[in-house]
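Chemist: have a look at this prediction, sequence included:
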Amino acid sequence: MNDQVKVACNDCKGCTKCCENMEDTIILDPYDIWQLTHKLKISGGGRVNFDILVSEDGPLELGMHDGVILPHMKMVATEDENVGVCSFLGSNGRCSIHFCRPGMCRLYPLGRIFEDGEGDKVSLGYFILNEELGCPIEDTSYTSVDSWLGYGDKEKYQDYLIKWRNVRRALREAGEDMDMDVLEDILLDMLGHFFAHEYGEDFFAEFDNLYESWTSGGN
Ligand code: SF4
Ligand code: SF4
């Protein structure tokens, strides 16, 4: 994650391309939900929780992503019938949750790949999205992937990403030969286990425990 990438555009300069018409492609993971539930408040001052986030009036929706039910950003209609924008895009054209925006938004315009090595070794690789999907700003400068993401606990985050990838892959593979009703129950169970869990302050330690119980079949 210390790789240097030429992406830092300094200022989006009125552009909202990556917050518009993204359909269901901005997918969130449990760490994203933890960020939102710990940093956003509902009117009245209480904490946001997963059920509120994915409720009918909430900013997220559930959808099937590569064989797994996961939350994604909801796009909302605008005056321009051709444009739907992320629920969190402010009327000033800025992200209203910049401080706790999801990992996919932090990563953009980079994509991430998991490279399996020997044994259970996995490394992460990054690439710049192509012209169609990527950022139109040309005046960029170099930064490290770590700085670009802006998360502390780099090693823990990377370890978490790999474990989360393992969960998704295991569910996808298990679902290939499974009756849809049975699979749906398992996927909803997974949502309750990893997303609706009320995490405390130490997300990574709690996720490790949940991962352990999930992989040992004790969820
Ligand atoms: S596409 Fe690039 S310039 Fe436009 S909002 Fe996204 S990051 Fe900013
Ligand atoms: S969360 Fe923020 S950065 Fe991400 S799509 Fe929505 S408005 Fe854009």
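Modeler: Good, I have the coordinates. Numbers count the residues shown, from 1 in each chain. Ligands and ions are numbered 1, 2, ... in the order given.
Chemist: number of nearby residues for residue 136?
Modeler: 11 (other Cβ atoms under 10 Å). Every residue, glycine included, has its C-beta placed from N, CA and C.
Chemist: now the strands for the protein?
Modeler: 4-8, 60-65, 68-73, 75-77, 84-86, 110-116, 122-128, 141-144 (DSSP state E).
Chemist: got CSV for the ones you listed, with mean neighbour count and distance to residue 92 too?
Modeler: Output for the strands of the chain, formatted as CSV (neighbours: other Cβ atoms under 10 Å; distance: least, Cβ to Cβ, whole Å):
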stretch, mean neighbour count, distance to residue 92
strand 4-8, 15, 22
strand 60-65, 16, 22
strand 68-73, 22, 18
strand 75-77, 14, 16
strand 84-86, 20, 12
strand 110-116, 13, 25
strand 122-128, 14, 27
strand 141-144, 12, 25
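Chemist: of all those strands, which one is nearest residue 205?
Modeler: strand 122-128 (20.4 Å; Cβ to Cβ).
Chemist: got the contact list for the closest one?
Modeler: Here strand 122-128 makes contact (Cβ atoms under 8 Å, 6 or more residues apart in numbering) with 1, 3, 5-7, 107, 109-117, 134, 145, 158, 161-162, 165.
Chemist: ok, the residue most central in space within the chain - contacts?
Modeler: Nearest to the geometric centre of the chain sits residue 28, at 2.8 Å (Cα atoms, centre = their mean). Counting by Cβ under 8 Å, 6+ apart, residue 28 makes contact with 36, 60, 70, 71, 72, 73, 102, 103, 104.
Chemist: which one of those residues is nearest to residue 19?
Modeler: When the contacts of residue 28 are compared against residue 19 (criterion: Cβ to Cβ), the nearest one is residue 73, at 8.7 Å.
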